[in-house]
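A.B. asks: no sequence on this one, just coordinates:
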C-alpha cells in the first residue's frame, strides 16, 4: 500500500470510513516519518508529536515493540517462543501471557471461521516452501506428494490443539507447528499504535508489510490517506482510503507464491485440503478497528473463496472487498459496509 495524498480524487475510488464527530487536530504542525526493519520487511510510522517529544526515543520504542513480537511469534528466529514450542517434544508446555493471548484469539477466529483462520498449519507452511526452510530443492519436485501432505495434515488442525487454561499450557502433540503469520503483522501494527498513543502521539499512521492503521488526523486536519494495494495486473480503479481510527489489510495471491507447470501456488493454505488455495480469489481487502482482525479476516475470506467469503463478510458486517479472477476478467464483490464508505464525489 502507498502512503500519501491522493493525486487526483476525481480519478480515484475514494473510501471514507464512518467517523463519530470531528477528530481533534494534534498540537503543533510537525509530522515525523520514521522507518526500520522487522519481520523480513520494513515498518513505517508517520506521527504528529506533541512538544518536547524525543524522536530517537519514539523510534526506539517502536522498534522495541516489534522486536518483542519477533521474539514471540517469528518461526524464522530459533530462539523465539513459537520456535521453541514447534521444536518441543510431545507434552504440556507453559507459555507466556502474551503468547497465550494471541494463540487464544487466533483459536477463537479459527472456531468462528471454521478453520479458514488456523494457527496450527506450520507443518504445511514449511512443506509448501513458505516457512523458514524455503522452497523445496530445485533437484526435486516443487509440489509435495499426497503422502507428504497427509503426514503434515496429521499434525495440523486447530481442533487438535489443546489449551489448558490452568497455568496457560499448550499441548504439543508431537510435530505440531504453530504459524501465526496470518495475524502477526496486524498484531504488531496494533501494538505499535498502542505504544505511540501511550507516548502521547495520538495522531499517527503505522504500516508493516502492507498492513496499516491510522489514528487521528494530521495537523492540517487531513486524514491519513493511503492507496489500497492492487494486484500487479489489475485494471480496476485505483482506490485511496482515509484511515481515521481504523485499520486495513489486504491479502493477495500475488504476494508470496511460486509457479510450477504453469500454475500459481499462493501462500494462503486451506487447512481442509492441505494445499494452497485455488479458488480464483486474487485479492481481499478488509477494514476493521483492529489491524490484527483485519489481517485475519482478509486471510479467512481468501481461503473461503469469493462467494462464501462475501456471504460471510456480509453476515459479520465487515467492510470487505473481494476480487476474483475469471476468464471474463476480474469480478469485484463488496459488502454493504464497504460500499457505504465510497465517496460518490470521488
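C.D. replies: It's in. Bear in mind the structure is a predicted one, so any value in this text is a computation, not a measurement.
A.B. asks: wait, isn't residue 173 in contact with residue 90?
C.D. replies: Yes - contact between residue 173 and residue 90 holds when scored by Cβ atoms under 8 Å: they sit 6.1 Å apart. Where you see a C-beta, it was placed from the backbone N, CA and C, and this is true even at glycine.
A.B. asks: who has more neighbours out of the two?
C.D. replies: Neighbours per residue (other Cβ atoms under 10 Å) separate residue 173 from residue 90, with residue 173 holding more: 16 against 11.
A.B. asks: show me what contacts that one?
C.D. replies: Contacts for residue 173 (Cβ atoms under 8 Å, 6 or more residues apart in numbering) come out as 90, 155, 160, 161, 162.
A.B. asks: ranking the residues you listed by neighbours, who comes first?
C.D. replies: Each of these was scored by neighbour count (other Cβ under 10 Å); the top score is that of residue 161, with 20 neighbours.
A.B. asks: ok, residue 161 to residue 287 distance?
C.D. replies: Taking Cβ to Cβ, to the nearest Å as the measure, residue 161 and residue 287 are separated by 29 Å.
A.B. asks: same question for residue 28.
C.D. replies: On the measure of Cβ to Cβ, residue 28 and residue 287 end up 29 Å apart.
A.B. asks: repeat that for residue 37.
C.D. replies: When Cβ to Cβ is applied, the distance between residue 37 and residue 287 equals 27 Å.
A.B. asks: what's the answer for residue 102, then?
C.D. replies: If you go by Cβ to Cβ, the gap between residue 102 and residue 287 works out to 21 Å.
A.B. asks: please identify which of these two sits among more neighbours.
C.D. replies: Residue environment comparison for residue 102 versus residue 287 gives the larger neighbour count to residue 287, 24 against 20, counting by other Cβ under 10 Å.
A.B. asks: hmm, back to that, just the ones of the contacts of residue 173 in helices?
C.D. replies: Secondary structure of the contacts of residue 173 is defined by DSSP state H; no position falls in helices.
A.B. asks: same list, the residues you listed, but as a markdown table with pLDDT and distance to residue 109 please.
C.D. replies: As requested, the contacts of residue 173 are arranged in a markdown table below (pLDDT from 0 to 100; distance: Cβ to Cβ, whole Å):
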| residue | pLDDT | distance to residue 109 |
| --- | --- | --- |
| 90 | 97 | 26 |
| 155 | 97 | 20 |
| 160 | 96 | 16 |
| 161 | 96 | 13 |
| 162 | 95 | 18 |
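A.B. asks: closest one to residue 66 out of the residues you listed, please.
C.D. replies: Looking at the contacts of residue 173 and their distance to residue 66, the nearest is residue 161, at 26.2 Å (Cβ to Cβ).
A.B. asks: dihedrals phi and psi, the closest one?
C.D. replies: The main-chain torsion angles of residue 161 are listed as degrees, to the nearest 10 and equal phi -80, psi 120.
A.B. asks: for the closest residue to it other than its chain neighbours, what are its contacts?
C.D. replies: Ranked by Cβ to Cβ, 6 or more residues apart in numbering and with sequence neighbours excluded, the top spatial neighbour of residue 161 is residue 120, at 5.3 Å. When contacts are counted by Cβ under 8 Å, 6+ apart, residue 120 touches 156, 157, 158, 160, 161, 176, 177, 178, 179, 271.
A.B. asks: good, we can wrap up now.
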